[in-house]
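Student: I'd like to go over a predicted model; first the sequence, then the structure.
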Amino acid sequence: MQWLNLEDNVNLLALIGAALIIVLTIVVAGRYVGQMKVKKDESVELSEHNWDGIGEYKNPVPLGWAVVFLLALVWAIWYYLLGYPLNSYSQIGEYNKEVKEANAKFEKEYANPSKETLHAMGESIYLVQCSACHGITGDGIGGKAANLQIWGSEKGIVETILNGSKGLEYPMGEM
């Protein structure tokens, strides 16, 4: 992935927006700095709020602020309704694509698995999910978990694999 990809419309719009904000900030700040140098005459009306003889001028909202606010409002509505990049990158879309590719890769291999393949798959699932508590051989690691060598039937094991065991969790939370 390139650091600066101007072929992507989202990146291009972000750069144009950032440049526009910088230019507007400089222009508006420059105008206000220029206005601060000019002393207003006494005929200008002050607001009714007065603190220790210091009053506030009754000025209208600056035109630049109003224009920038309205442009931002129009842009936000446009972006929300039309401009949001619906067809661009999405993590969920990438995940779904990767899962679909992985499933397609293994679909042929596991379409009609033999008994040995099913046994190997079950063993690998057990080693990853269950052996931490029940031990590699299923002996329960000295009473810390159920001894699977003497416990349960095939139906009970299938039920536990499909639905889990109620009330039994890892001692320190999720593993």
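Tutor: Done, it's in.
Student: residue 109 - how many residues pack around it?
Tutor: Residue 109 sits with 9 neighbouring residues when counted by other C-beta atoms under 10 Å. For every residue, glycine as well, the C-beta is placed using N, CA and C.
Student: pLDDT wise, what is it at?
Tutor: On pLDDT, residue 109 comes in at 77.
Student: in a helix, it, correct?
Tutor: No: looking at residue 109 with DSSP: H, G, I helix; E, B strand; the rest coil, it is coil, so not inside a helix.
Student: from residue 102, how far off is it?
Tutor: According to C-beta to C-beta, to the nearest Å, residue 109 and residue 102 sit 11 Å apart.
Student: one more: residue 83?
Tutor: Distance from residue 83 to residue 102, by C-beta to C-beta: 34 Å.
Student: strands of this structure, residue ranges please.
Tutor: 46-51, 54-57 (DSSP state E).
Student: please name whichever of these is nearest to residue 98.
Tutor: strand 54-57 (60.4 Å; C-beta to C-beta).
Student: could you list the low-pLDDT ranges of this protein?
Tutor: Within the chain, the stretches with pLDDT under 70 are 1-5, 38-42, 86-87, 165-175.
Student: could you rerun that using 90?
Tutor: By pLDDT under 90, the weakly predicted segments of the chain are 1-15, 32-62, 79-93, 105-114, 117-118, 121-122, 125-126, 129-175.
Student: quickly list the domain ranges of it.
Tutor: Taking automatic domain parsing as the criterion, the chain consists of the domains 1-38+54-88, 103-163.
Student: possible to save the ones you listed as TSV with distance to residue 46?
Tutor: Formatted as TSV, those follow (distance: least, C-beta to C-beta, whole Å):
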stretch	distance to residue 46
domain 1-38+54-88	4
domain 103-163	74
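Student: so which of those domains gets nearest residue 96?
Tutor: With distances scored as C-beta to C-beta, the stretch of the domains of the chain nearest to residue 96 is domain 103-163 (10.4 Å).
Student: got the phi/psi numbers for the residue nearest to residue 133 when sequence neighbours are not counted?
Tutor: In this structure, residue 133 finds its nearest non-sequential neighbour in residue 145, 4.1 Å apart by C-beta to C-beta, 6 or more residues apart in numbering. With angles defined as degrees, to the nearest 10, residue 145 sits at phi -140, psi 170.
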